[in-house]
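Visitor: give me a 3D structure for the following:
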Amino acid sequence: MALLPDHPQRVELNDEVHARPPESLVPPLRLTFLALFSDLSMREREWQRVCELARRCGVSPPPEGTNHFSADLGPFRLKWERHSEFTRYKFIVAGAGEDPFAVPAIAAVPPEWVAALPGEVLVAAHLALVRAPETPLDFEAISGRLFGGNALVGAAIGAGAGTALTDFRIHADGYSRLLVHDRGFSPRQAGRMVQRLLEIDSYRMLALLALPVARQLAPFLTQREQELAQITTALATGHGADESGLLDRLTKLEAEIESREAAHHYRFTAAAAYHDLVRRRIAELHEERIQGLQTFREFTERRLAPAMSTCRAAAVRLESLSERVARATQLLSTRVDITREQQNAAVLESMDRRAKLQLRLQETVEGLSVAAVTYYVVGLVGYAAKGLKAVGMAVNPDLAMGVSIPVVAIVVALGVRKIRRMVTRTAG
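Guide: Model prediction:
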C-alpha cells in the first residue's frame with residue numbers, strides 16, 4: 001500500500017531520537033573526556049580538526065555540516081559531538097592496568113592535534129571502566145591509591161549492575177577522575193552509564209557559569225534598588241519642578257537595567273535548563289547508596305542547588321527591578337501629563353482673559369473711533385453750511401452742525417458695527 005507524501009522533515013525528526021547514541025563499552029578500558037566551551041565562529045575549525053585526524057588515521061572524515069562523528073582510528077576510538085555552546089570529545093583505549101589513570105587514553109592521541117583544538121576547557125576527565133573484583137571494595141584504599149586520599153563520592157548504579165566513584169576534584173594533571181566498576185553491565189548499558197556520568201559533570205559546570213554573573217550583579221542590583229527607592233520617595237514628596245530631573249534619572253536607570261537583563265537573560269535561562277539536565281542524568285543512574293559515601297545526587301545538590309537558587313534569585317530580582325522601574329516611569333509620565341494639562345488649562349484661561357480685555361479695549365477704541373469720525377464729519381458739514389451761507393443761502397452753520405451730530409454719530413456707529421461683523425465672519 002502506497003504511503004501518502006512525507007513531511008519534508010519526517011526522516012530527520014524521526015532519526016533525532018537516535019542521534020548521538022552512547023558507545024558500547026566493554027571493560028577494561030580507559031576513556032578521556034574533554035568538553036570545550038566554544039562559540040559559532042569555531043565550528044568550522046572544529047570540523048576541520050576532526051577531518052584532519054580522521055584522514056591522518058586512514059578513516060573517512062565526517063561530511064560537512066554534521067554534529068557528531070564516531071570512528072575507530074586504530075590506537076584509539078574517537079567520539080566527537082557538537083552542542084549549542086560546547087563541543088565534547090571522547091578518546092577510548094582498551095585495557096587498564098593496576099593504575100588505570102597512569103597512562104590515560106589521551107596519551108594515544110597526537111599531542112600536537114590536541115593542542116590545536118579550538119575552544120576553552122570546561123571539563124577534562126579521565127575515566128576507567130574495570131571489572132569489579134570478587135572481594136568487597138576497599139574505598140579507603142582506592143582513595144589513597146587513585147584519588148590522592150580525597151573523600152570519595154559514589155554509589156551503586158544501574159540498579160546494582162555497577163559502581164561509580166569520583167572525588168569531583170581536578171588533579172595535578174588538570175583532569176578529574178572517574179572509576180566505574182562493572183558488575184554485570186551489558187556493553188550498551190555500560191556506554192549509557194558512562195555517558196550519564198560524564199554529562200553530569202559537563203552540565204553541572206555549564207549550569208554554574210551563571211553563578212559568577214549572579215554574584216557580579218548583586219552590588220549593581222542593590223545600588224539600583226536604592227536609587228529607585230530615592231526616586232520614588234522624591235516622586236511621592238516632590239513638586240512639579242522636580243519632575244523633569246526625576247524622569248531623566250528614571251530613563252537612565254531603566255536603560256541600565258534593560259542592558260543588563262538583555263546581556264544575562266540567556267545565561268540564566270541556560271543555567272536553569274542545564275540544572276534540570278543534571279537532575280535527570282542523576283535520576284537515570286538509578287543510584288543505590290553505599291554505606292559511608294555520599295551519592296552523586298547528595299554531593300551535587302549540596303552545592304549546585306544553592307548556586308542555582310542564587311542565580312534564580314538574581315534573575316527574578318533583575319526582572320522585578322525592571323518592572324518596578326517601568327511602573328515608576330509610567331507613574332511619573334502620567335504625573336507629567338497631568339501637570340502639562342494643568343499648565344495648558346492655565347494658559348487657555350489666561351488667553352481667555354486676554355481675549356476679553358482685548359474685546360473691551362476694542363469696544364472702547366470703536367467708541368472713540370465713532371466720536372472721532374463724527375467730529376470730523378460734523379466739521380465738514382459746518383464747512384459746507386458756511387459755504388452755502390457765503391453764496392447767499394439762508395443757512396445757519398452752527399445750527400446745521402448741531403442738527404447733524406446725532407445723525408452722523410448714528411450712521412458712523414452703524415457702519416463700524418457692520419465692518420466688525422464682516423471681519424468676524426471672515427475670520428471664522
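Visitor: from here on, just use CA atoms for contacts and neighbour counts.
Guide: Will do.
Visitor: list the buried residues of stretch 108-116.
Guide: For stretch 108-116, burial by neighbour count (16 or more other Cα atoms under 10 Å) applies to Val109.
Visitor: what's in contact with it?
Guide: Contact partners of stretch 108-116, identified using Cα atoms under 8 Å, 6 or more residues apart in numbering, comprise Arg49, Leu53, Pro75, Phe76, Phe91, Val93.
Visitor: equivalent analysis for stretch 186-201, please.
Guide: For stretch 186-201, the external contacting residues (Cα under 8 Å, 6+ apart) are 22-26, 33, 123, 157-158, 182, 277-278, 281-282, 284-285.
Visitor: so which of the contacts of stretch 108-116 comes closest to Thr295?
Guide: Nearest to Thr295 out of these is Phe91 (Cα to Cα; 26.7 Å).
Visitor: in a strand, that closest one, correct?
Guide: Yes. According to DSSP: H, G, I helix; E, B strand; the rest coil, Phe91 belongs to a strand.
Visitor: contact partners for it?
Guide: By Cα under 8 Å, 6+ apart, the neighbours of Phe91 are Leu31, Thr32, Phe33, Phe76, Arg77, Leu78, Lys79, Ala105, Ile106, Val109.
Visitor: what about the contacts of stretch 186-201, which are in helices?
Guide: Leu277, Val278, Arg281, Ile282, Glu284, Leu285 (DSSP state H).
Visitor: just the buried residues of the contacts of stretch 186-201.
Guide: Among the contacts of stretch 186-201, those classed as buried by neighbour count (16+ other Cα under 10 Å) are 22-23, 25-26, 33, 123, 157-158, 182, 277-278, 281-282, 285.
Visitor: Glu319: which of those residues is nearest?
Guide: Distance to Glu319 across the buried ones among the contacts of stretch 186-201 (Cα to Cα) is lowest for Leu277, with 24.3 Å.
Visitor: so which strand or helix has the nearest residue to the closest one once chain neighbours are set aside?
Guide: Closest residue to Leu277 apart from its sequence neighbours, by Cα to Cα, 6 or more residues apart in numbering: Tyr203 at 6.8 Å. Element membership for Tyr203 (DSSP states H and E) is helix 187-208.
Visitor: averaged pLDDT, that helix. What do you get?
Guide: What helix 187-208 shows for mean pLDDT is 95.
Visitor: buried set for the helix or strand just after that helix?
Guide: Next helix or strand after helix 187-208 toward the C-terminus (DSSP H and E): helix 210-237. Counting neighbours by 16+ other Cα under 10 Å, one finds that the buried residues in helix 210-237 are Ala210, Leu211, Val213, Ala214, Leu217, Leu221, Arg224, Glu225, Leu228, Ile231, Thr232, Leu235.
Visitor: dump these to CSV, plus distance to Gly148.
Guide: Listed next are the buried residues of helix 210-237 as CSV, based on distance: Cα to Cα, whole Å:
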residue, distance to Gly148
Ala210, 30
Leu211, 28
Val213, 32
Ala214, 33
Leu217, 37
Leu221, 42
Arg224, 47
Glu225, 47
Leu228, 52
Ile231, 57
Thr232, 58
Leu235, 62
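Visitor: hang on, the earlier thing: closest to Pro306 among the contacts of Phe91?
Guide: Nearest to Pro306 out of these is Phe33 (Cα to Cα; 27.1 Å).
Visitor: quick one: contacts for that closest one?
Guide: Contacts for Phe33 (Cα under 8 Å, 6+ apart) come out as Arg88, Tyr89, Lys90, Phe91, Val123, Ala124, Ala125, His126, Leu127, Leu198.
Visitor: ok, Ala283 next?
Guide: No residues are in contact with Ala283 under the rule Cα under 8 Å, 6+ apart.
Visitor: quick one: it and Glu85, what's the gap?
Guide: In this view, Ala283 and Glu85 are 24 Å apart by Cα to Cα, to the nearest Å.
Visitor: distance between the helix holding Tyr203 and the chain's centre?
Guide: Offset of helix 187-208 from its chain centre (Cα atoms, centre = their mean, to the nearest Å): 29 Å.
Visitor: report the buried residues of that helix.
Guide: Applying a neighbour-count criterion of 16+ other Cα under 10 Å, one finds 189-208 buried in helix 187-208.
Visitor: pull the CA atoms of stretch 228-236 into CSV?
Guide: In CSV, the C-alpha atoms belonging to stretch 228-236 read as follows (Å, rounded to 0.1, in the frame of the first residue of the first chain):
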residue,chain,number,x,y,z
LEU,A,228,14.9,53.6,42.7
ALA,A,229,13.8,54.0,46.3
GLN,A,230,15.2,57.5,46.3
ILE,A,231,13.4,58.4,43.1
THR,A,232,10.1,57.0,44.3
THR,A,233,10.4,58.9,47.6
ALA,A,234,11.1,62.1,45.7
LEU,A,235,8.2,61.3,43.4
ALA,A,236,5.9,61.0,46.4
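Visitor: what about it, average pLDDT?
Guide: pLDDT averaged over stretch 228-236 gives 84.
Visitor: now do stretch 288-299
Guide: Mean pLDDT, computed over stretch 288-299, is 93.
Visitor: what does stretch 386-394 give?
Guide: pLDDT averaged over stretch 386-394 gives 80.
Visitor: buried stuff in that stretch?
Guide: Within stretch 386-394, the residues that qualify as buried are Lys386, counting by 16+ other Cα under 10 Å.
Visitor: ok, and what's touching that stretch?
Guide: Against stretch 386-394 from outside (Cα under 8 Å, 6+ apart): Val395, Asn396, Pro397.
Visitor: looking at neighbours, which among those residues is most surrounded?
Guide: When neighbours are taken as other Cα atoms under 10 Å, the top entry among the contacts of stretch 386-394 is Pro397 (18 neighbours).
Visitor: my guess is that residue contacts Leu380. True?
Guide: No. Checked against Cα atoms under 8 Å, the pair Pro397 and Leu380 is beyond contact range at 10.7 Å.
Visitor: and the helix or strand containing Val11, how far from the chain's centre?
Guide: If you go by DSSP H and E, Val11 is part of helix 10-15. Chain-centre distance of helix 10-15: 32 Å, with Cα atoms, centre = their mean.
Visitor: swap in stretch 105-113?
Guide: Here stretch 105-113 is found 40 Å from its chain centre; the criterion is Cα atoms, centre = their mean.
Visitor: report the rounded mean pLDDT for that stretch.
Guide: Across stretch 105-113, the average pLDDT comes to 96.
Visitor: let me know the helix or strand that the residue nearest to Pro397 when sequence neighbours are not counted is in.
Guide: Spatial nearest neighbour of Pro397, excluding adjacent residues (Cα to Cα, 6+ apart): Ala385 at 4.8 Å. Ala385 is part of helix 296-390, with elements assigned from DSSP H and E.
Visitor: next helix or strand past that helix?
Guide: helix 397-427.
Visitor: what sits against Arg45?
Guide: Pro118 are the contacts of Arg45 under Cα under 8 Å, 6+ apart.
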